[in-house]
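>>> coords please:
(one chain, ligands or ions: 2)
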Amino acid sequence: MADPRAPSNLPPLALHVPEPQFRPGDAVDFASFDRGEAGAVARPDTAEKADALRTLPYALIRVLDDEGKAQGPWNPRLDADRLRAMLRHMALTRAFDERMYRAQRQGKTSFYMKCTGEEATSVGAAHALDHDDMCFPSYRQQGLLIARDWPIGDMMCQIYSNSGDRLKGRQMPIMYSARDAGFFSISGNLATQYPQAVGFAMASAAKGDSRIAASWVGEGSTAEGDFHSACTFASVYRAPVILNVINNQWAISSFSGFAGAEATTFAARAIGYGIAGLRVDGNDILAVYAATLWAAERARGNHGPTLIEHFTYRAEGHSTSDDPSKYRSAEERGKWPLGDPVARLKQHLIALGEWDDARHEAMDKELAEYVRDEGRKAEALGTLHDGLSQPFTTMFEDIFEEQPWHLKEQSEQMQAERKAAGI
Ligand SMILES: Cc1ncc(C[n+]2csc(CCOP(=O)(O)OP(=O)(O)O)c2C)c(N)n1
Ligand SMILES: [Mg+2]
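Numbers count the residues shown, from 1 in each chain. Ligands and ions are numbered 1, 2, ... in the order given. I've put the predicted structure just below:
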């Protein structure tokens, strides 16, 4: 028998380990990125069979061109009032993020996550969905709640885990839950919301209801098994669901290559499951709106699910616990070839003669004051500086309708130990 340790005359194998294009200190040039032309991608019928849509996951649906003009068949032709409402929701999301980021730096909360640069992906989707369609978000979709006009004061109380927090301090800051806004509780376990959304959509179809579901994951999270089982179920049962992948290029300090971006697009995952896949410019709110509307119409017509990759850029750190200067070039944000979603919609409205710099400035000022006032009201109900607002004794409550014996026992033990420790 041949000695397995004997030197082989075959060429040595080499393991490929992805490496991002740019690291701290590198000059950034995105010239190799092909963004295509605004208006160039055809818009198929929403009832089209998935195998006739196979080129779409490799294209990039764009509506707004560099002059801020809306181009091509995906132009949703929205009226100026709707465009201004979307601009306002994106600007409010950004103002809210700014305020809460600073609140974390002031020690008022332990944690915050911004969605700067990605506002269009949730605000655009919220405007295209019906108000009662069910959303299964990740932690970076605060724009959904804001675009559904959910009170920002309620979101702030959740972040502060204060006496106004409906969730009684039992969720991490920013892990909102708002049944009345059709916003499913956020889970820190990545991608769990995907099978939940598909399950909701299947149930909705099985009951003959008319509500569809939509879910969002980051591109990094598509490497989770839950992403793939959700796609299988969605395909098999033709679930009325929109599966959004927010490709913001980074998963904390891992670049998108570690989730498979070097080999193909995230939208192209759809092909293997036999579902429709679209790839859109995620910084172009008109493209996001149009793609969501297309997918919603497809789902409502019982033609099945759609996977939408939103190509965007995480302009800031992953969270307040992150320092992106340690792993990526600071130049990336400024050189991003698809610009900024707020600036692009503003430019579009100005090009239409429906907006101007003075109005934009006044809106930003008004929103900053609104966020500050709501912030003061929320802070009056407690922040991290004030310690716990929710009594310890309630920690084991509200899990079951009737508290089972083992939780009762654990609660009593905790209270006895705290008493013994003099806390
Ligand atoms: C199952 C699981 N694995 C790992 C983590 C830790 N974690 C939290 S966020 C994150 C990165 C996710 O990146 P991505 O999916 O691209 O979303 P983004 O933060 O870019 O929006 C990781 C690894 C987690 N919360 N859950
Ligand atoms: Mg990401």
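
>>> got a pLDDT number for the residue nearest to Asn244 when sequence neighbours are not counted?
Closest residue in space to Asn244, ignoring its immediate chain neighbours: Trp216 at 4.5 Å, by Cβ to Cβ, 6 or more residues apart in numbering. Any C-beta I mention is one placed from the backbone N, CA and C, and that applies to glycine too. pLDDT for Trp216: 98.

>>> can you pull the residues of the stretch 251-400 of the chain lying near ligand 1?
Contact residues (Cβ under 6 Å from any ligand atom) of the stretch 251-400 of the chain with ligand 1: 251-252, 314, 318.

>>> any of those residues buried? List them.
When those are checked for burial by 16 or more other Cβ atoms under 10 Å, the buried set is 251, 314, 318.

>>> residues contacting the closest residue to the last one other than its chain neighbours?
Looking back up the chat, that one is His318. Using Cβ to Cβ, 6+ apart and skipping the chain neighbours, the partner closest in space to His318 is Ile252 (4.5 Å). Residues near Ile252 by Cβ atoms under 8 Å, 6 or more residues apart in numbering: 220, 318, 322.

>>> show me how the protein divides into domains.
50-320+328-386, 392-423 (automatic domain parsing).

>>> need the winner for burial among those.
Among those, judged by mean count of other Cβ atoms under 10 Å, the one packed with the most neighbours on average is domain 50-320+328-386 (a mean of 20).

>>> where's Ser8 relative to ligand 2, distance?
40 Å (Cβ to the ion, to the nearest Å).

>>> show me what from the stretch 101-250 of the chain comes close to ligand 2.
Applying Cβ under 5 Å from the ion, we find that the stretch 101-250 of the chain lies next to ligand 2 at 218-220, 248.

>>> follow-up on the earlier one: so the residue nearest to Asn244 lies in a helix, does it not?
No: looking at Trp216 with DSSP: H, G, I helix; E, B strand; the rest coil, it is strand, so not inside a helix.

>>> possible to save the domains of the chain as CSV with distance to Glu19?
What follows is these, written out as CSV (distance: least, Cβ to Cβ, whole Å):
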stretch, distance to Glu19
domain 50-320+328-386, 7
domain 392-423, 45
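
>>> which of these sits closest to Ala6?
Smallest distance to Ala6 across the domains of the chain (Cβ to Cβ): 34.0 Å, for domain 50-320+328-386.

>>> distance from that closest one to the middle of the chain?
In terms of Cα atoms, centre = their mean, to the nearest Å, the centre of domain 50-320+328-386 is found 4 Å from the chain centre.

>>> okay, strands next: where are they in this structure?
Remark: strands assigned in the chain by DSSP state E are 134-136, 213-218, 241-247, 250-251, 254-255, 276-281, 306-311.
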